[in-house]
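>>> fold the following.
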Amino acid sequence: MKRFLAAAAMVMAGLPALASSDDIVKVKSYSDVGTTMDRLEAAVTGAGANVFARVDHAAGAASVDMELAPTQVLIFGNPKIGTQAMQDDPVAGLFLPMKVLVYRDGAGQVWLAYEDPKEMFDDLAIDDDAEYIKMMTGALGKLTAKAAGQ
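Here you go, the predicted structure:
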């Protein structure tokens, strides 16, 4: 019986990973896209990182007479952290700087979305336990939570 319970516990613990092989982390926001993005940008600069660009996809769509729900991407990073990844594998530069998408879905809910750094570098010569991956993951979690109003 103990073996059965242990096996059942192991299966249950693995269900979240099995239920979603998605490498994208989504955080529910309690504000509109513009406000959420403003908060994210302020949080990023407040944390001492560099904002490289803010891309407004909806404005781009409008410029060619197409419609798109409010959708923006913030591109940012901290060279002290990102450089370490690129020293381990220069191909990491394809994934850096970091990006967070803020968008409104079809139901009107606003989300922040980003790729899990550990998964992002999964196919590269980068150790899953690298300290900079932990730092990136922690920073993205804190920054998006702050932007979401949590």
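>>> for the chain, which residues score under the pLDDT cut-off?
1-21 (pLDDT under 70).
>>> for it, which segments are assigned as helices?
Here the chain has its helices, by DSSP state H, at 2-19, 33-46, 57-62, 79-88, 117-120, 131-148.
>>> would you reformat those as JSON lines and include distance to residue 104 and mean neighbour count?
To be clear about C-beta, it is placed using only N, CA and C from the backbone, and glycine gets the same treatment. Putting these into JSON lines (distance: least, Cβ to Cβ, whole Å; neighbours: other Cβ atoms under 10 Å) gives the following:
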{"stretch": "helix 2-19", "distance to residue 104": "25", "mean neighbour count": "9"}
{"stretch": "helix 33-46", "distance to residue 104": "6", "mean neighbour count": "18"}
{"stretch": "helix 57-62", "distance to residue 104": "9", "mean neighbour count": "14"}
{"stretch": "helix 79-88", "distance to residue 104": "29", "mean neighbour count": "16"}
{"stretch": "helix 117-120", "distance to residue 104": "24", "mean neighbour count": "20"}
{"stretch": "helix 131-148", "distance to residue 104": "13", "mean neighbour count": "18"}
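>>> and these: which comes nearest residue 103?
helix 33-46 (6.6 Å; Cβ to Cβ).
>>> what is the orientation angle of the closest one with helix 131-148?
Relative orientation of helix 33-46 and helix 131-148, computed by axes from the mean of the first three to the mean of the last three Cα atoms, to 10 degrees: 140 degrees.
>>> contact partners of stretch 127-145?
Stretch 127-145 has contacts (Cβ atoms under 8 Å, 6 or more residues apart in numbering) with 25, 27, 40, 43-44, 47, 49, 78, 81-82, 84-85, 88, 98, 100, 112, 114, 116-118, 121-122, 126.
>>> can I get that stretch in PDB, CA atoms only?
Output in PDB follows, covering the C-alpha atoms of stretch 127-145 (Å, rounded to 0.1, in the frame of the first residue of the first chain):
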ATOM      1  CA  ASP A 127      24.000  24.300 -17.500                       C
ATOM      2  CA  ASP A 128      20.300  24.200 -16.300                       C
ATOM      3  CA  ASP A 129      21.600  25.100 -12.800                       C
ATOM      4  CA  ALA A 130      23.600  28.200 -14.000                       C
ATOM      5  CA  GLU A 131      23.200  30.900 -11.400                       C
ATOM      6  CA  TYR A 132      22.300  33.500 -14.100                       C
ATOM      7  CA  ILE A 133      19.300  31.300 -15.200                       C
ATOM      8  CA  LYS A 134      18.100  31.400 -11.600                       C
ATOM      9  CA  MET A 135      18.600  35.200 -11.600                       C
ATOM     10  CA  MET A 136      16.700  35.700 -14.900                       C
ATOM     11  CA  THR A 137      13.800  33.500 -13.700                       C
ATOM     12  CA  GLY A 138      13.500  35.300 -10.400                       C
ATOM     13  CA  ALA A 139      13.700  38.700 -12.000                       C
ATOM     14  CA  LEU A 140      11.100  37.800 -14.600                       C
ATOM     15  CA  GLY A 141       8.800  36.500 -11.900                       C
ATOM     16  CA  LYS A 142       9.100  39.600  -9.800                       C
ATOM     17  CA  LEU A 143       8.900  42.100 -12.600                       C
ATOM     18  CA  THR A 144       5.800  40.600 -14.200                       C
ATOM     19  CA  ALA A 145       4.100  40.200 -10.800                       C
END
